[in-house]
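A.B. asks: sequence first, predicted coordinates after that:
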Amino acid sequence: EAQVTQNPRYLITVTGKKLTVTCSQNMNHEYMSWYRQDPGLGLRQIYYSMNVEVTDKGDVPEGYKVSRKEKRNFPLILESPSPNQTSLYFCASSLARGTGSTDTQYFGPGTRLTVL
Amino acid sequence: KNQVEQSPQSLIILEGKNCTLQCNYTVSPFSNLRWYKQDTGRGPVSLTIMTFSENTKSNGRYTATLDADTKQSSLHITASQLSDSASYICVVRKGTNAGKSTFGDGTTLTVKP
C-alpha cells in the first residue's frame, strides 16, 4: 500500500531533550516536506526536500533540523525542544515538485508532540 | 494577513443538504489551487486540483470551481453525508519560488443527522 508513515504518533517530552520524528514513504517520491499545524494558524511548512541531499527552509524552520540521506526517509530533528514547539506535525511527499507541478501531495498520519 | 482566506470558519448542516465553501487568495503569480479534506486527527487528503485554465473540477459529490480573474474558488458538496464532517483546506501554489504553497486555515464542516 502506498503510504507515508511517521513515528512516533504521539510524544510527550521535556524541554531540551533532543528528539527525532521519523518519516518514510514507499512511493519513490522525490519531494518531501514537514509541516506543523496549530489551531487558528493552519498548516505551516517547516522544511522541504526536493531530492536526496537537497533540503531547504520553509516558513517556520527555527528550532528544527532535517536530513535527506536517502530518498524514502526525511527525519525531523528537534535538538532542544521548547514548549512553543508543542504541535501536530505532518510529513508529506509527492512525486516531484516543479513550479507547475500538479502532483498530489500525500500526507502522513501526523505526530502529536507535547513539550513540557 | 494570510494570502489564502477561507470562509466560513465553521459550518453546520443537516445530512442530505448541499453546502459551498469559499476560498479567496492573493497569491501571485498563480500556479494551481488544491482542496484537501482533513478528518480529525488525520493527515489531509487531496480532493481536487485546478490550474489556471480550469474553472471546474469534480470528484464524486465534491465540485470545485476557480475564477482566476477574481482569485476566488469554491468547493460545493452535494447531498452531504455524515462522513463529510471534516476540515476542508484550500491550498494555493505559487508560480515561482519553487512552487511554494500557502495553506488556508480551513473550514470545519459538521454534518448532523
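C.D. replies: Arrived safely. Residues are numbered from 1 along each chain as shown, chains lettered A, B, ... in the order given.

A.B. asks: give me every residue in chain B lying close to chain A.
C.D. replies: B:2, B:31-32, B:34, B:41-46, B:49, B:51, B:89, B:93-101, B:103-106 (Cβ under 8 Å from any Cβ of the partner chain). In this view, the C-beta of every residue, glycine as well, is placed from N, C-alpha and C.

A.B. asks: try 7 Å this time
C.D. replies: Applying Cβ under 7 Å from any Cβ of the partner chain, we find that chain B lies next to chain A at B:31-32, B:41-44, B:46, B:49, B:51, B:95-96, B:98-99, B:103-106.

A.B. asks: now do the closest residue to residue A:78 other than its chain neighbours against residue A:28, distance only.
C.D. replies: Closest residue to residue A:78 apart from its sequence neighbours, by Cβ to Cβ, 6 or more residues apart in numbering or on different chains: residue A:19 at 5.2 Å. Distance, residue A:19 to residue A:28, by Cβ to Cβ, to the nearest Å: 28 Å.

A.B. asks: what's the spacing between residue B:20 and residue B:47?
C.D. replies: Applying Cβ to Cβ to residue B:20 and residue B:47 gives a distance of 14 Å.

A.B. asks: now residue A:36
C.D. replies: Residue A:36 sits 22 Å away from residue B:47, going by Cβ to Cβ.

A.B. asks: more neighbours, those two?
C.D. replies: residue A:36 (23 against 20; other Cβ atoms under 10 Å in any protein chain shown).

A.B. asks: quick one: that one from residue B:81, how far?
C.D. replies: 30 Å.

A.B. asks: please enumerate the helices of chain B.
C.D. replies: For chain B, no helices are identified by DSSP state H.
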